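Undergrad: Let's see this in three dimensions:
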Amino acid sequence: MQFLQQWTETSAFFIWLRESPSIWAYPTVFFVHTIGLVFTGGASIIINTRVLGAAPQLPIAPFARFFRPIWIGIWLTVISGVVMLLSDFPARLENRLFPLKMAFVVAAIVLTVLLRRRIENANVSAATRTAAAISLVCWIGAITAGRFLAYFQ
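TA: Next comes the predicted model:
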């Protein structure tokens with residue numbers, strides 16, 4: 001952990017990312033993170049609300065196509081999130097909301113995998129609806145905790 005902190009504090013890239021007034025520094029990484037969240041959160045909300053009963057006239061199986069943008073979004077978010085984490089490594093890890101955000105993210109990803117299997121089989125049982133509701137809460141929790149990271153130390 002000490003090595004990682006020293007590396008991020010002395011790395012030219014992370015110094016530039018933290019200190020540069022350029023729009024191409026931290027704002028761009030944050031923008032990519034936001035785009036990833038739009039892909040992930042947007043598609044997840046559509047799937048979860050459909051599983052929970054919205055638009056019942058639409059068959060559930062075609063919604064499996066939304067998982068590709070979800071995974072693209074997850075990868076964009078993870079990569080940009082790691083870069084932002086490393087740009088201010090000690091402060092991020094010391095923030096009490098960071099572990100909560102990560103717990104929400106991990107739970108939401110696990111539930112996304114579970115929901116994909118069920119949706120591809122057009123299986124909308126009570127357990128699937130429960131998973132969708134929890135997934136919705138997890139994605140909203142992760143996004144909310146992430147936004148509050150900037151305001152609570």
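
Undergrad: tell me what the helix or strand of the chain with the lowest mean pLDDT is packed against?
TA: The least trusted helix or strand in the chain, going by mean pLDDT, DSSP states H and E, turns out to be helix 89-94, with a mean of 84. Helices and strands touching helix 89-94, by 3 or more C-beta pairs under 8 Å, 6 or more residues apart in numbering; DSSP states H and E, are helix 2-10, helix 67-87. All C-beta atoms are positioned from the backbone trio N, CA, C, and that covers glycine.

Undergrad: Check the separation of the first and last residues in stretch 142-153.
TA: End-to-end span of stretch 142-153 (C-alpha to C-alpha, to the nearest Å): 17 Å.

Undergrad: For that stretch, give me every contacting residue.
TA: 37, 41, 91-92, 94-98, 100-101, 104-105, 108 (C-beta atoms under 8 Å, 6 or more residues apart in numbering).

Undergrad: what distance separates the host helix or strand of residue 36 from the centre of its chain?
TA: Secondary structure from DSSP states H and E places residue 36 in helix 26-51. Taking C-alpha atoms, centre = their mean, to the nearest Å, the mean C-alpha location of helix 26-51 is offset from the chain mean by 7 Å.

Undergrad: quick one: that helix to helix 67-87, angle?
TA: 140 degrees (axes from the mean of the first three to the mean of the last three C-alpha atoms, to 10 degrees).

Undergrad: How much space separates the closest residue to residue 92 other than its chain neighbours from residue 3?
TA: Excluding the flanking residues, the one nearest residue 92 by C-beta to C-beta, 6 or more residues apart in numbering is residue 85, at 5.0 Å. The gap separating residue 85 from residue 3 is 15 Å, by C-beta to C-beta, to the nearest Å.

Undergrad: quick one: which of those two has more around it?
TA: residue 85 (15 against 7; other C-beta atoms under 10 Å).

Undergrad: hmm, back to that, ok, now how distant is the residue nearest to residue 92 from residue 58?
TA: Relative to residue 58, and taking C-beta to C-beta, residue 85 is found at 38 Å.

Undergrad: what's downstream of whichever strand or helix holds residue 104, the next helix or strand?
TA: Using DSSP H and E, residue 104 maps to helix 97-120. Counting by DSSP H and E, the element after helix 97-120 in chain order, helix or strand, is helix 126-148.
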